[in-house]
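Student: The amino acid sequence is not available; the structure is as follows:
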């Protein structure tokens, strides 16, 4: 399918705004927090960058998916964190500083890991005749532009005009969710003819990816004895993926709206599971107080 207005212009613009909004809340100290909270950052990154893609590959292989949808699940698992996970971590009263740090450092590392994971996914699930390939260096440059450039601009404004950045961030943070909603609607509308069948195909695997990774994140954080707030954050950061980035890579880099379907449907389901997690955490807190 040829690139249209959504994938060629609106989607990259939306991701740019979302990532710049994230940069507005970042400071240099966020990158240094690995020295302040080394255990939380280390195990959080291990879960995001290693455990998450492994789970993505396993689920993509277990569920009966077409090659394109299987690769779409892998793409999603290669894109951890993002502005949405920061917001959810804030709403569940997690360790927001740790959430921001994981997103900041993860954004740097995934510039390299994303093309590696996705190319492995395409080699694994697609036939030789239909397999696509992301050019490694070119993809790194593209990802750096859509991630590092807007984040850097946001951080620069935050450094020079912190009060203005704080005001803009509050607006952009929620505006990002609105943009994400528009993106999801656009992708699903574009594939409306196959929407029901696609939902039946990938609804189970994307929900499983969300729930399994949240469970593994919680289990890992508990095993290494992180505090309650950090445990909430690791659960969210590992379980909530950057759907916007995954959709961008599938639709723009690979020009495959079909590969973007798992990320689009996942982005809908994750709000439901996140709300459930928030209620679970609240009820647990109430019970413990009583």
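Tutor: Ah, there it is. Everything numeric here is computed off the predicted structure, so don't read it as measured data.
Student: What is the distance between the lengthiest helix in the chain and the centre of its chain?
Tutor: In the chain, ranked by residue count with DSSP state H as the criterion, the top helix is helix 257-289. Distance of helix 257-289 from the chain centroid (CA atoms, centre = their mean, to the nearest Å) equals 13 Å.
Student: which residues in the stretch 151-290 of the chain form helices?
Tutor: 162-190, 195-223, 228-239, 243-248, 257-289 (DSSP state H, counting those that start in this stretch).
Student: May I see the ones you listed arranged in JSON lines, with distance to residue 121 as well?
Tutor: Every C-beta, even on glycine, is put in place using the N, C-alpha and C of the backbone. Output for the helices of the stretch 151-290 of the chain, formatted as JSON lines (distance: least, CB to CB, whole Å):
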{"stretch": "helix 162-190", "distance to residue 121": "19"}
{"stretch": "helix 195-223", "distance to residue 121": "13"}
{"stretch": "helix 228-239", "distance to residue 121": "19"}
{"stretch": "helix 243-248", "distance to residue 121": "12"}
{"stretch": "helix 257-289", "distance to residue 121": "10"}
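Student: Kindly reformat those as a markdown table containing mean pLDDT, mean neighbour count and distance to residue 84.
Tutor: What follows is those, written out as a markdown table (pLDDT from 0 to 100; neighbours: other CB atoms under 10 Å; distance: least, CB to CB, whole Å):
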| stretch | mean pLDDT | mean neighbour count | distance to residue 84 |
| --- | --- | --- | --- |
| helix 162-190 | 73 | 17 | 7 |
| helix 195-223 | 89 | 18 | 12 |
| helix 228-239 | 90 | 26 | 9 |
| helix 243-248 | 84 | 28 | 7 |
| helix 257-289 | 75 | 18 | 8 |
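Student: looking at those, which is closest to residue 110?
Tutor: For residue 110, the closest of these is helix 243-248, at 8.4 Å, according to CB to CB.
Student: Could you pull up the residues touching the residue nearest the centre of the chain?
Tutor: With distances taken as CA atoms, centre = their mean, residue 242 lies nearest the centre of the chain, 1.6 Å away. Counting by CB atoms under 8 Å, 6 or more residues apart in numbering, residue 242 touches 79-82, 84-85.
Student: Could you give the number of residues near the closest residue to residue 169 other than its chain neighbours?
Tutor: Nearest residue to residue 169, sequence neighbours excluded (CB to CB, 6 or more residues apart in numbering): residue 24, at 4.0 Å. Residue 24 has 26 neighbours, counted by other CB atoms under 10 Å.
Student: ok, now residue 69?
Tutor: Residues lying near residue 69 (other CB under 10 Å) number 22.
Student: check which helix or strand covers it.
Tutor: Take DSSP states H and E as the rule and residue 69 turns out to sit in helix 67-77.
Student: what's that helix packed up against?
Tutor: Counting contacts by 3 or more CB pairs under 8 Å, 6 or more residues apart in numbering; DSSP states H and E, helix 67-77 is packed against helix 52-62, helix 96-125, helix 195-223, helix 243-248, helix 257-289.
Student: Recalculate using a threshold of 7 Å.
Tutor: Using 3 or more CB pairs under 7 Å, 6 or more residues apart in numbering; DSSP states H and E, the elements in contact with helix 67-77 are helix 52-62, helix 96-125, helix 195-223, helix 257-289.
Student: That'll do, ta.
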